[in-house]
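Chemist: Okay, predicted coordinates and the sequence, questions at the end:
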Amino acid sequence: MFLWNMKKKDLHYREKENFLKLASHLPPEKKELFLHLFEIFLETEEHVTPEAFKKILEEKRLSLSEKEVVEALEFFCKLGFAQRKDFLGKPPLYEHRHLGEHHDHLICTKCGRIQEFFLPQLEDLQNEIAKQYGFKPLDHRLEIYGLCTECQAIRAKPALPLTLVSPGEKVRVERFLGGTQVRSRLAAMGITTGEILEVINNCGPIIVSVKDARLAIGQGLAQKILVTPLD
């Protein structure tokens with residue numbers, strides 16, 4: 001751990017030195033501000049949205065508008081110290097971009113957790129595929145969407161509310177919470193026990209596919225629909 005911390009400290013020192021050289025054209029006041037923000041960004045391990053980074057800055061008593069935060073993050077990207085990631089269904093995220101390093105991502109569609117991973121065999125396979133097709137690879141990105149261990153544990157319960165189901169999953173309706181009025185309302189929508197639903201979107205009203213039709217179900221009503229995953 002000590003050696004790792006020393007290596008990390010040395011890397012950050014070299015990154016800051018490099019940053020100062022590339023940012024030398026900035027006015028002194030702005031260069032000083034961006035350097036301070038850059039130092040904080042280097043200490044931030046996770047992928048951050050501009051909003052999340054703004055909160056980190058506020059914890060350090062730095063009050064900036066979100067526009068100013070985005071300007072700084074985009075400047076870090078322009079100089080090659082950061083990279084912007086646009087994952088499916090998520091706002092833009094920013095992460096470190098260290099020279100000579102590459103990794104891919106596992107994205108949980110339920111809780112939003114992002115796990116980085118690197119597999120040399122996978123890199124070799126991608127290069128082999130490109131070679132077979134006479135293709136010259138310059139860059140690539142691999143994103144695997146699914147459920148993390150924690151969200152799978154929640155899903156594994158005998159029955160769970162429809163609100164906990166991730167987009168792309170198919171479930172079977174097991175039972176309903178509430179009385180006759182709830183069941184009648186859902187039956188009128190075509191949702192009965194045993195029915196198979198596919199969740200299309202769970203941001204705001206739950207959009208599901210049932211009997212080749214799309215339905216919008218409010219969060220409150222969806223909470224009363226207990227389902228089990230097909231797999």
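Modeler: Arrived safely, thanks for sending.

Chemist: Quick one, grab the pLDDT at the closest residue in space to residue 79 that isn't next to it in sequence.
Modeler: Of all residues not flanking residue 79 in the chain, residue 22 sits nearest, at 4.9 Å (C-beta to C-beta, 6 or more residues apart in numbering). (C-beta placed from N, C-alpha, C; glycine too.) Looking at residue 22, its pLDDT is 93.

Chemist: Quick check: residue 22 touching residue 76?
Modeler: No: between residue 22 and residue 76 there is no contact, the gap being 10.3 Å when judged by C-beta atoms under 8 Å.

Chemist: Pick out whichever of the two has more residues nearby.
Modeler: residue 76 (22 against 13; other C-beta atoms under 10 Å).

Chemist: Provide a list of residues in contact with that one.
Modeler: Residue 76 is in contact with 38, 41, 82, 94, counting by C-beta atoms under 8 Å, 6 or more residues apart in numbering.

Chemist: most neighbours, which of those?
Modeler: Counting neighbours by other C-beta under 10 Å, residue 94 comes out on top of those with 24 neighbours.

Chemist: what's the helix or strand for it?
Modeler: strand 93-96 (DSSP states H and E).

Chemist: And the next helix or strand past the helix or strand that residue 145 is a member of?
Modeler: Here residue 145 sits within strand 143-146, counting by DSSP H and E. Remark: after strand 143-146, the chain's next helix or strand is helix 149-155, criterion DSSP H and E.

Chemist: Isn't residue 151 up against residue 160?
Modeler: No: contact criterion C-beta under 8 Å: residue 151 and residue 160 do not qualify, at 10.7 Å.

Chemist: burial count for the closest residue in space to residue 189 that isn't next to it in sequence?
Modeler: Leaving aside its sequence neighbours, residue 189 sits nearest to residue 215 (C-beta to C-beta, 6+ apart; 5.7 Å). The number of residues packed near residue 215 is 17, by other C-beta under 10 Å.

Chemist: Could you do residue 13 as well?
Modeler: The number of residues near residue 13, taken as other C-beta under 10 Å, comes to 11.

Chemist: try residue 162
Modeler: 22.

Chemist: One more: the one 10 residues further on?
Modeler: Counted with other C-beta under 10 Å, the neighbours of residue 172 add up to 14.

Chemist: quick check, it in a helix?
Modeler: No: Residue 172 is assigned strand when assessed by DSSP: H, G, I helix; E, B strand; the rest coil, not a helix.
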